[in-house]
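Participant: test case, fold it:
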Amino acid sequence: MKKRGFKFYGIIGIILIILVEINFFLKIQPFANWYFPIVWLGYILTIDALVYKIKGSSLLSNRPYSFLGMFIISSLFWWIFEFTNISLNNWSYSGLENYAQNPSSNNILKNLFGTLSFATVLPALFETVELIRAIGLFEKKKLRKKHNITKHFLYTLISLGILCFILPIFFPEFTFPLIWLAFFFLLDPINYIHKQPSIIRHLKDKKLAIPLSLLLAGIILGFFWEFWNYWAIPKWTYHIPFVDFFKVFEMPVLGYLGYFPFAFELYSMYWFIRSLFIKSEYLLIR
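Facilitator: Alright, predicted model coming up:
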């Protein structure tokens, strides 16, 4: 068997994570203000190098254009969620006030920080799923029974997705969790109809490796998002009705449940957007 090396960029990723961790205490500027995109870039590079070490291929090494495209699509995704938060007001940011003395420059830098931070979400998810699959954690997991998918079922899910998107805008206090289901219900059936990768298709084919890997990746990333946020200068805090108790870092413990559907949602959103420009290339289904 050919010996696989640990890619050089993985070493860079480890160094970035270590430097950010040290700087949580030293708070050397301007690095302290830009910790989030730096630490997540380190995470992404490290995990990609680990995946390559295990199986001899990875997103960055073998599909660099798809890998870079994830950063662009990811920033778009989270700005969509920022738009929904205008109504929800479930989270807010602090520590972004002094990026520059000039107010207009400050706003530009804050938006740049946000965009770069949001850009890391999707690559981090896909890299984590790739690692889980590389070690074969769920590869033998299958459903026992194959299910038929009807058009009525698909259209019902799409209708639920529209409803889950609309209700939090008009009744945010009681329906805010639905936003973390909306795009999955809306887009996953559309992906299935257009023969794109979808959770529905994986379940129809009795294949659980990707759905289970996504769920595990979602909670792993949720932990690290909240952990690294807790020690940071620019950070977010939550304002969640009814469940704002028993916090683990800044997140109420029940809020971590949202990372499970969030992983499905990102998967569905990615394949939908990608299908508008590029024919299906199964990054995670092989």
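Participant: pull out the buried residues from the helix or strand of the chain with the lowest mean pLDDT.
Facilitator: Of the helices and strands making up the chain, the lowest-confidence element is helix 103-118, at a mean of 78, by mean pLDDT, DSSP states H and E. The neighbour-count check on helix 103-118 (16 or more other C-beta atoms under 10 Å) flags 109-110, 113-118 as buried. Backbone N, C-alpha and C define where each C-beta goes, glycine included.
Participant: can I get the CA coordinates of it in CSV?
Facilitator: Output of helix 103-118 as CSV, limited to C-alpha atoms (Å, rounded to 0.1, in the frame of the first residue of the first chain):
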residue,chain,number,x,y,z
PRO,A,103,-17.8,54.6,10.9
SER,A,104,-18.1,53.8,7.2
SER,A,105,-14.8,51.8,7.2
ASN,A,106,-16.0,50.1,10.4
ASN,A,107,-19.1,48.9,8.7
ILE,A,108,-17.2,47.6,5.7
LEU,A,109,-14.8,45.7,8.0
LYS,A,110,-17.6,44.3,10.0
ASN,A,111,-19.4,43.1,6.9
LEU,A,112,-16.1,41.7,5.6
PHE,A,113,-15.5,39.9,8.9
GLY,A,114,-19.0,38.5,8.7
THR,A,115,-18.7,37.3,5.2
LEU,A,116,-15.4,35.6,5.8
SER,A,117,-16.7,33.9,8.9
PHE,A,118,-19.9,32.8,7.2
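Participant: residues in contact with whatever helix or strand comes next after it?
Facilitator: Using DSSP states H and E, the next helix or strand after helix 103-118 towards the C-terminus is helix 121-134. Residues lying outside helix 121-134 but in contact with it, judged by C-beta atoms under 8 Å, 6 or more residues apart in numbering, are 40, 43-44, 47-48, 50-51, 54-55, 58-59, 67, 70-71, 73-74, 77-78, 138-139, 209-210, 213-214, 216-218, 220-221, 263, 266-267, 270, 283-284.
Participant: sitting in helices, which of these do you find?
Facilitator: 40, 43-44, 47-48, 50-51, 54-55, 59, 67, 70-71, 73-74, 77-78, 209-210, 213-214, 216-218, 220-221, 263, 266-267, 270 (DSSP state H).
Participant: drop anything exposed from the residues you listed.
Facilitator: Among the ones in helices among the contacts of helix 121-134, those classed as buried by neighbour count (16+ other C-beta under 10 Å) are 40, 43-44, 47-48, 50-51, 54, 59, 67, 70-71, 73-74, 77-78, 209-210, 213-214, 216-218, 220-221, 263, 266-267, 270.
Participant: looking at it, F272 is touching L187, isn't it?
Facilitator: Yes: under the contact definition of C-beta atoms under 8 Å, F272 touches L187, with a separation of 4.4 Å.
Participant: so these two - more neighbours on which side?
Facilitator: Neighbour comparison, F272 and L187: the larger count goes to L187, with 24 against 19 (by other C-beta atoms under 10 Å).
Participant: for that one, give me the pLDDT.
Facilitator: Residue-level confidence at L187 comes out at 97, pLDDT.
Participant: how close does it sit to I80?
Facilitator: Here L187 is placed at a distance of 12 Å from I80 (C-beta to C-beta, to the nearest Å).
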